[in-house]
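# can you look at this prediction? I've put the sequence above it.
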Amino acid sequence: MYEKDGEKYFVVESHTHFWDASPENYRNEEYGYGWIDCFYGYHSALSPEEYLWPLEKFQKYSEEDMMHDLFEIGYVDKGIFQPTYLKDFYINGFNTVEQNAVLKEKYPDKFILNGRFDPRDGPDGLIEFEDQVKRYDIKGIKLYTAEWKGSSKGWSLKDDWAKRYLEKCEELGITNIHVHKGPTIWPFNRDAFDVADVDDAATSFPNLNFIVEHVGLPRLEDFCWIAVQEANVYAGLSVAMAFIHTRPRYFAQIIGELLYWLDEDRILFGADYPLWHPKWLVEQFVDFQIPEDMQGEYGTLTPDMKRKILGLNAAQLYDVEVPSEVPQPAAVGAAEEAYPEEPY
């Protein structure tokens, strides 16, 4: 938990990883190294200098590093594991459910374990997915539509098999669908991250919540036009958050557009650890305000808005209990229902 100026904030790191991109895990050295080197470029360019890691640590960090950074000094109350397999690049996978499950089992009160599926695995994969859900009691999943698999360079939420897997999610009670729709990561194809397929999926599956990770960057406008008409589409701030340090006005534009088109109930904090350390992100976000010359268009950020974004929204999606000492403002929709407009 974080406290500043008498305000308390419950923090959910909604996009965290325990990955292994060490050379010993390379299946394909060119792509295995190229992938993590691309991540390291984002880490180096957007982190404050005092939070920079050497590449060797960034490739494979320890359990002790993670627990210290998130929960001892990083203010995180709950972390949500988001897996990314990449088994064409890494022998044991980059960041698998099984790897994450080890820490979830060891620290059950600290983590939420999300699963994954790949519709290209067909009927056999559907059986494996159901087994995974039941084995680990999974409540959410992370999808990576640009992931390579053999000769395939990605897939779409519009694919017939993707819809069958989403139907299985409904059947199994999995309601939170995190979809990576953000900046291109080498060597993946930019178009495979396009946010457009979220529109069809959100309309087809209104009982599922689609959390678009990285808010669709660099397609923020496309994302906002989809999210404004689909009430079950949420904005995951991982990657976008990091611009608060090097590009504060750009971050103000991002958060301002999200608040204009969506509202503060559908925006989730994510540090994308270990891409960025939650400590400085939480501190800078709580201190952040939209610049005065932009407030006429975007308004201002209140402590209640920041509380929702930093943790309350994710806690609502995942039924996480929030300590009573943390103020829990009403949802925007609830306020509207309490004070309905006069009929014409």
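Here it is on my side, so go on. Everything numeric in this text was worked out from a predicted model, so none of it was measured.
# use CA for all of it now, contacts and neighbours both
Fine.
# average pLDDT for stretch 16-32?
Averaged across stretch 16-32, the pLDDT comes to 97.
# endpoint to endpoint, that stretch covers what distance?
Stretch 16-32 has its terminal residues 20 Å apart, counting by C-alpha to C-alpha, to the nearest Å.
# now do the buried residues in it.
Judged by neighbour count using 16 or more other C-alpha atoms under 10 Å, the buried positions of stretch 16-32 are 16-22, 25-27, 31-32.
# got it, and stretch 32-42?
Neighbour-count burial for stretch 32-42, counted by 16+ other C-alpha under 10 Å, picks out 32-37, 39-40.
# that older thread, possible to save the buried residues of stretch 16-32 as TSV with distance to Trp225?
What follows is these, written out as TSV (distance: C-alpha to C-alpha, whole Å):
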residue	distance to Trp225
Thr16	27
His17	29
Phe18	33
Trp19	33
Asp20	36
Ala21	36
Ser22	40
Asn25	40
Tyr26	40
Arg27	40
Tyr31	34
Gly32	35
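# what about these, which are in strands?
Thr16 (DSSP state E).
# hang on, the earlier thing: mind putting the buried residues of stretch 32-42 into a markdown table with secondary structure?
Shown next, in a markdown table, are the buried residues of stretch 32-42 (DSSP: H, G, I helix; E, B strand; the rest coil):
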| residue | secondary structure |
| --- | --- |
| Gly32 | helix |
| Tyr33 | helix |
| Gly34 | helix |
| Trp35 | helix |
| Ile36 | helix |
| Asp37 | helix |
| Phe39 | helix |
| Tyr40 | helix |
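# any idea how far His17 lies from Asp319?
Noted for His17: a distance of 21 Å to Asp319, by C-alpha to C-alpha.
# which stretches of the stretch 201-344 of the chain form helices?
Using DSSP state H, counting those that start in this stretch, the helices of the stretch 201-344 of the chain run over 220-227, 243-246, 248-261, 278-287, 292-298, 303-307, 313-317, 332-338.
# picking up where we left off before, which single one of the buried residues of stretch 32-42 is nearest to Gly216?
Nearest to Gly216, judged by C-alpha to C-alpha, of the buried residues of stretch 32-42 is Phe39 at 17.1 Å.
# so which residue is smack in the middle of the protein?
His15 (4.0 Å; C-alpha atoms, centre = their mean).
# quick one: that residue and Tyr273 touch, right?
Yes - contact criterion C-alpha atoms under 8 Å: His15 and Tyr273 qualify, at 7.1 Å.
# so can I have TSV of the helices of the stretch 201-344 of the chain showing mean pLDDT?
Listed next are those as TSV, based on pLDDT from 0 to 100:
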stretch	mean pLDDT
helix 220-227	96
helix 243-246	96
helix 248-261	97
helix 278-287	98
helix 292-298	96
helix 303-307	97
helix 313-317	97
helix 332-338	54
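# for the ones you listed, give me JSON lines that also has mean neighbour count.
Putting the helices of the stretch 201-344 of the chain into JSON lines (neighbours: other C-alpha atoms under 10 Å) gives the following:
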{"stretch": "helix 220-227", "mean neighbour count": "19"}
{"stretch": "helix 243-246", "mean neighbour count": "18"}
{"stretch": "helix 248-261", "mean neighbour count": "18"}
{"stretch": "helix 278-287", "mean neighbour count": "20"}
{"stretch": "helix 292-298", "mean neighbour count": "13"}
{"stretch": "helix 303-307", "mean neighbour count": "19"}
{"stretch": "helix 313-317", "mean neighbour count": "19"}
{"stretch": "helix 332-338", "mean neighbour count": "11"}
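# what's the closest of those to Glu128?
So among the helices of the stretch 201-344 of the chain, helix 313-317 is nearest, using C-alpha to C-alpha, at 24.9 Å.
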